[in-house]
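>>> Show me how the following folds:
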Amino acid sequence: MSDKNITAEQRRINENKEKDVPLEKWGPYLSERQWGTVREDYSAGGDAWNYLSHDQARSRVYRWGEDGLAGISDYMQNLCFSVALWNGKDTILKERLFGLSNGQGNHGEDVKELYYYLDNVPTHYYMKYLYKYPQQAFPYQDIINKNRSLSKNVPEYELLDTGIFKDNKYFDVYVEYAKNSSEDIFIKIDIVNRGTDAAPITVLPTLWFRNRWQFDAATPKPSIQWISNSELKTTHEPIGEHHLYFRGAGQILITENETNTERVLGRTNITPYVKDAFHDSVISGKNTDALIKKREGTKVAPVYRLTIEGGASKQIYLRLTNEATDTPFAEGFEGIFDQRKKEADEFYASILPPGTSDDLANIQRQAFAGLLWSKQYYHYDVEKWMSTSDGVTPLSPERLEGRNHEWKYLKNQDVILMPDKWEYPWYAAWDTAFHCIAIAPIDPTFAKGQLILLMREWYMNPYGQIPAYEWNFSDVNPPVHAFAALGVYRAEKDATGKGDIQFLKRIFQKLIINFTWWVNRKDASGNNIFEGGFLGLDNIGVFNRSIQLPDQIALEQADGTSWMGMYALNMLDIALEIALTDDAFEDTATKFYEHFVLIADALNELNLWNSEDNFFYDVLCLKGKLPAALKVRSIVGVAPVFAVSIISKYSMDKLSDFARRTAWFDKYRIYNNDYLPNESRADSDDALLSLVPKERLVQILDKLLDESEFLSSGGIRALSKYHDKNPYTITIQGVNYSIEYDPGDSTSDFFGGNSNWRGPVWLPINYLIIKAIKKYGEYYKDTLKVECPRDSGVMMNLEEVAAELTKRILSIFQKDETGNRPLYDNYNATYNEFYKLPENKDLVLFHEYFHGDNSSGLGASHQSGWTALVANLIGTV
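Alright, predicted model coming up:
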């Protein structure tokens, strides 16, 4: 692409690539929930949800980060900006999103708000966010009480179920950011009254400093100074001065970001200027004069008390900049929002596949927006966290041997793509890998940086383990990072025509360390059959796979073994790609080829394949008993399909040493009648490498494409519907363990009970299935056709099967002929009716997983991390 055809946004992305830190200084890095996290938990028993609750969040200083509504911060989260609201009825300001803690929800923690990530671009020069604020008192207690009373066998009680939005009595609060330059940000808050009657609303655009000074005496306390009734000036040594300009505020309130010890601990406050002072001032008038007269502090808000007529709107404009100006709102300044929106349109048009419908274009745009809004500053120094106090609770000896005590060297302080900034405001190792694949089409530089980050010495432990997530860094997630590295590399190469070999070399070195950790730690018998516990799949097993059962010798896992086979094959692919330009990597390619062959041999020859059911199962080994197959038809047994690759004749011809050594290895195994996982065709010079031989692939697909088993209208279920009428039970030392098809919310307590792998559709797994089947199809072409769906009489080659599965995934988000989106078919007709209103018809949420029968969205409602993979599927069929 010539320089003149590069969009303005792409030009900015390219310029950022040359920086030491290829990251915009300002972005949506503010969390949506800092309370209830492990890093803010200083309790002796590790009770994170109750130690710092939503109720306390407005009054207590955070140590490791900040949160807010539709907010931004600098990338070290020194200075933060977000919006607070009051409808004249609530007992607290709406400063942050409300949701249930794990113990309050009938299906675990869950945000109970309506908000949407409408737009964003990689440099954050344009961002737009929508929050729906009821005009009646927010039903905080009703939501808590109702959900506590519900069993796990019924759906959650959501905000839409309360009737609070009846007759459209709510405000749409749009928060829009448009950068004039990297540190000059215009802000527009547009409040629309969707009801018919006039209604009051108070808006507090809030600027504050994160409190670092309380925890480090050497840290100078920053300040925000009143300059005039339209300007505030911030002073902070590391980030310099900034100015917040605004117009027409009725008041300017100034306080300190300090804990309200009277409310939290029952101790007299040293100062009346505390973190939650604005709540009392706006709602009850308490201490307002003092807050107005104060001229300097660390938390400040201009106050706008508005009354908006039914159907009307009002706008508030602000400007946050690092340079003082006499004309912050020059004539025509509003045009910056139109200009940046136009540039965002041009950027997304440049990557949109030709012929994409308006609906799919909107889905893709909001998926990418959700990804970008999910960037979050994450700070957690485990050693410091364990050995110091938060100023509320004294240092506890129990914590020194408590959660994550084996990860003292972990010192994270970075901007990371989060799974969901409310429900999962912390990274998870395999989630992050999929996030990188999803974001690669629009920002491969950031994607590569995120993958490298997880491999750095302040993340990966000295033995080579990648930290899982803050609730237990020692848990084990599937090793999909080599797969992600290849996906990111290829996305950039396809877009630019040039692959970043240096990136592959850099991450390959660290992946070797992690691969070795897996081999040394998770292959207990040394036979290439791997374990790993729950492996990110929460309740997929008939029992918790992360616990040791009585008399258990080993749980030989079909998915653990398959993930490692996939890992070895991905490492082989990376080594071959590098070797084409650096033949020193041929030796390593051979090593991973041999390792892949050995894992494939073990998977297919050592009891994991069940010839009665023609399916892969986990095998439980107990003392004094024969190994027992756990006959659960789940994605555990589908995982072997993921490991597939095609080695081209070009690569084999160019890499003669690799070709010669693998030929000898193959010949040796054939001579000894050993299993060999490769295949060649007379009409093709390429070779197929796969964990699953052709005959078994067809047998697995027979179940996968059966609508009475895995195939749903919205993709592949995590557990076969076969178990709806055929629950599986196993008795171990008198204890019965059972599993059955459970297509909706989780009815088990495994891992908090907020995720369910026993029937719903999950995007990352479907993405892996689609990519794998498409790869098989590229090799077999029309020489292999299967019935899809089963018993339909329709025969398809595997590329056509991949396309069919893609269409089913996309259908979850698309409008049908009646204007409904299946993702909103959540047991309640009012949901889709709400989303058919003119102002809501284009709003799309990206849930954590989807109902196995009706495709309605379940779990975290803003899992714009891996569910954003839907954006990568658009345009592939």
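>>> Show the residue spans covered by the strands in the stretch 751-877 of the chain.
With DSSP state E, counting those that start in this stretch, the ranges of strands along the stretch 751-877 of the chain come out as 785-787, 795-797, 849-850, 857-858.
>>> In its sheet, which strands sit next to the one helix or strand in the chain whose mean pLDDT sits lowest, and in what direction?
Sorting the helices and strands of the chain by mean pLDDT, DSSP states H and E puts strand 678-680 at the bottom, at a mean of 82. Strand 678-680 pairs in its sheet with strand 687-690 (antiparallel), by DSSP bridges.
>>> quick one: contacts of the strand it pairs with?
With contact meaning Cβ atoms under 8 Å, 6 or more residues apart in numbering, strand 687-690 is reached by 569, 572, 596, 600, 643-647, 652, 677-680, 697, 776, 779. Where you see a C-beta, it was placed from the backbone N, CA and C, and this is true even at glycine.
>>> Only the buried members of those: can you turn that into a PyMOL selection?
To isolate the buried subset of the contacts of strand 687-690 in PyMOL, counting by 16 or more other Cβ atoms under 10 Å, use the following:
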select buried, resi 569+572+596+600+643+644+645+646+647+652+677+678+697+776+779
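>>> In helices only, show me the contacts of strand 687-690.
569, 572, 596, 600, 652, 697, 776, 779 (DSSP state H).
>>> quick one: buried residues of stretch 621-631?
621, 622, 629, 630, 631.
>>> Would you mind measuring the gap between the ends of it?
14 Å (Cα to Cα, to the nearest Å).
>>> State the mean pLDDT of that stretch.
Stretch 621-631 shows a mean pLDDT of 91.
>>> which residues make contact with it from outside it?
Contacts of stretch 621-631 (Cβ under 8 Å, 6+ apart): 541-542, 549, 551-556, 607, 610, 613, 617-620, 728, 730, 732.
>>> 10 Å instead, please
The contact list for stretch 621-631 (Cβ atoms under 10 Å, 6 or more residues apart in numbering) reads 524-525, 529, 541-543, 545, 549-558, 606-610, 612-613, 615-620, 636-637, 723, 726, 728, 730, 732-733, 737, 739.
>>> how far does it sit from the chain's center?
The chain centroid and the centroid of stretch 621-631 are separated by 37 Å under Cα atoms, centre = their mean, to the nearest Å.
>>> do stretch 294-307 as well
From the chain centre to the centre of stretch 294-307 is a distance of 34 Å (Cα atoms, centre = their mean).
>>> Make 36 the starting number, not 1.
Right, with 36 as the first residue, what we last looked at is stretch 329-342.
>>> Just the buried residues of it, please?
Counting neighbours by 16+ other Cβ under 10 Å, one finds that the buried residues in stretch 329-342 are 329, 332, 333, 334, 335, 336, 337, 338, 339.
>>> Closest one of those residues to residue 364?
Nearest to residue 364 among these is residue 337, at 13.9 Å by Cβ to Cβ.
>>> List the residues that contact the closest residue to that closest one other than its chain neighbours.
Spatial nearest neighbour of residue 337, excluding adjacent residues (Cβ to Cβ, 6 or more residues apart in numbering): residue 284 at 3.4 Å. When contacts are counted by Cβ under 10 Å, 6+ apart, residue 284 touches 238, 239, 240, 264, 265, 336, 337, 338, 339, 340, 351, 353.
>>> Surely the last one is in contact with residue 224?
Yes - the pair residue 353 / residue 224 is scored as a contact, 7.7 Å apart, by Cβ atoms under 10 Å.
>>> Who has more neighbours out of these two?
A count of neighbours by other Cβ atoms under 10 Å puts residue 353 above the other of residue 353 and residue 224, at 23 against 19.
>>> Now name the helix or strand holding the more buried one.
For residue 353, the element it lies in under DSSP states H and E is strand 348-356.
>>> Direction included, what does that strand pair up with?
For strand 348-356, the pairing partners within the sheet under DSSP bridges are strand 219-228 (antiparallel), strand 277-281 (antiparallel).
>>> that older thread, PyMOL command to pick out the buried ones of the contacts of stretch 656-666?
Restricted to buried positions by 16+ other Cβ under 10 Å, the PyMOL selection for those reads:
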select buried, resi 564+576+577+578+580+584+588+590+591+592+593+641+642+643+644+650+651+652+653+654+655+671+672+758+763+765+767+774
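>>> Just the ones of the contacts of stretch 656-666 in helices?
593, 671, 672, 758.
>>> and of those, the nearest to residue 696?
In terms of Cβ to Cβ, no member of the ones in helices among the contacts of stretch 656-666 lies closer to residue 696 than residue 593, at 29.7 Å.
>>> how about the closest one, what does it touch?
By Cβ under 10 Å, 6+ apart, the contact list for residue 593 reads 564-565, 638, 642-645, 650-654, 664-665, 669-675.
>>> Residue 691 too?
618, 621.
>>> Please read off the pLDDT at residue 36 from the model.
At residue 36, pLDDT is 48.
>>> Residue 827 now?
pLDDT, residue 827: 98.
>>> Same question for the one 5 residues further on.
According to the per-residue confidence, residue 832 scores 98 in pLDDT.
>>> Burial check on it, number of neighbours?
Close neighbours of residue 832, defined as other Cβ under 10 Å, add up to 18.
>>> What of residue 270?
Residues near residue 270, counting by other Cβ under 10 Å, number 16.
>>> returning to that earlier point: distance between the strand holding residue 353 and the chain's centre?
The chain centre lies 30 Å from the centre of strand 348-356; the measure is Cα atoms, centre = their mean.
>>> what do you get for stretch 611-624?
Distance of stretch 611-624 from its chain centroid, counting by Cα atoms, centre = their mean, is 33 Å.
>>> who's in contact with that stretch?
521, 524-525, 528, 534, 536-537, 539-540, 543, 547, 606-610, 625, 627-628, 680, 682-683, 685-687, 689-697.
>>> just the buried members of those?
Among the contacts of stretch 611-624, those classed as buried by 16+ other Cβ under 10 Å are 521, 524-525, 534, 539, 543, 547, 606-610, 625, 627-628, 680, 682, 686-687, 690, 693-694, 696-697.
>>> Go through stretch 226-246 and flag the buried ones.
For stretch 226-246, by 16+ other Cβ under 10 Å, it's 226-230, 234, 236-246.
>>> mean confidence for that stretch?
Average pLDDT, stretch 226-246: 98.
>>> Next, the distance between the ends of it.
Criterion Cα to Cα; first-to-last residue distance in stretch 226-246 is 30 Å.
>>> try stretch 642-661
Using Cα to Cα, the end-to-end distance of stretch 642-661 comes to 11 Å.
>>> Distance from the chain centre to that stretch, please.
The answer for stretch 642-661 is 34 Å, by Cα atoms, centre = their mean.
>>> Keep only those of the buried ones among the contacts of stretch 611-624 that are in helices.
Checked against DSSP H, the buried ones among the contacts of stretch 611-624 include these in helices: 521, 524-525, 539, 543, 547, 606-610, 625, 627-628, 686-687, 693-694, 696-697.
>>> quick one: the host helix or strand of residue 120 to strand 348-356, angle?
Here residue 120, judged by DSSP H and E, is contained in strand 114-121. Angle of strand 114-121 versus strand 348-356, following axes from the mean of the first three to the mean of the last three Cα atoms, to 10 degrees, is 160 degrees.
>>> Quick check: neighbours of the next helix-or-strand element following strand 114-121 in the sheet, parallel or antiparallel?
Downstream of strand 114-121, the first helix or strand assigned by DSSP H and E is strand 134-135. Paired neighbours of strand 134-135 in the sheet (DSSP bridges): strand 145-146 (antiparallel).
>>> so what's residue 185 up against?
Contacts of residue 185 (Cβ under 10 Å, 6+ apart): 140, 141, 142, 191, 192.
>>> go again using 7 Å as the cut-off
Each residue near residue 185 by Cβ atoms under 7 Å, 6 or more residues apart in numbering is listed here: 141, 192.
>>> before we move on, back to that, got a list of contacts for the strand holding residue 120?
Taking Cβ under 7 Å, 6+ apart as the rule, strand 114-121 contacts 65, 101, 103-108, 128-130, 168, 208, 210, 224, 236-245, 269, 271, 274, 277, 313, 317-318, 336, 355.
>>> from those residues, which ones fall inside strands?
Taking DSSP state E as the definition of strands, the contacts of strand 114-121 contribute 107-108, 168, 208, 210, 224, 236-244, 269, 277, 336, 355.
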